[in-house]
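# please find the sequence and the predicted model below.
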Amino acid sequence: MGRKCQLTGKKANNAYAVSHSHIRTKKLQEPNLQWKRLWWSQGKRWVKLQLSTKAIKTLEHKGLAAFAKEAGLNLNRF
């Protein structure tokens, strides 16, 4: 699996690292991804997902089931 948030779809961004002499070299800006083990109350089991920290903060407000439904994610696969 690539480095991508399973709920929001965030992935790496292409960018330039610019030095003091303005020499530009390509770099990747990776998202801050964390493996989280979350309790899924409807399925009555734990679900392990790779999430961005932004998604973790949003989960606290929306809840896992609502956020997964909005993202079109089937939690039975995890």
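All right, it came through fine.
# helices of the chain, start to end?
Counting by DSSP state H, the chain has helices at residues 53-62, 64-71.
# these: which one's closest to Arg45?
helix 64-71 (11.5 Å; CB to CB). The way it works is simple: take the backbone N, C-alpha and C, and place the C-beta from them, glycine included.
# low pLDDT regions in this protein?
Under the criterion pLDDT under 70, the flagged ranges of the chain are 1.
# 90 instead, please
For the chain, the stretches with pLDDT under 90 are 1-2, 77-78.
# follow-up on the earlier one: now render the helices of the chain as JSON lines, adding mean neighbour count.
Formatted as JSON lines, those follow (neighbours: other CB atoms under 10 Å):
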{"stretch": "helix 53-62", "mean neighbour count": "14"}
{"stretch": "helix 64-71", "mean neighbour count": "15"}
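# name the residues that touch stretch 27-34?
Stretch 27-34 has contacts (CB atoms under 8 Å, 6 or more residues apart in numbering) with 3-5, 10-17, 50-53, 56.
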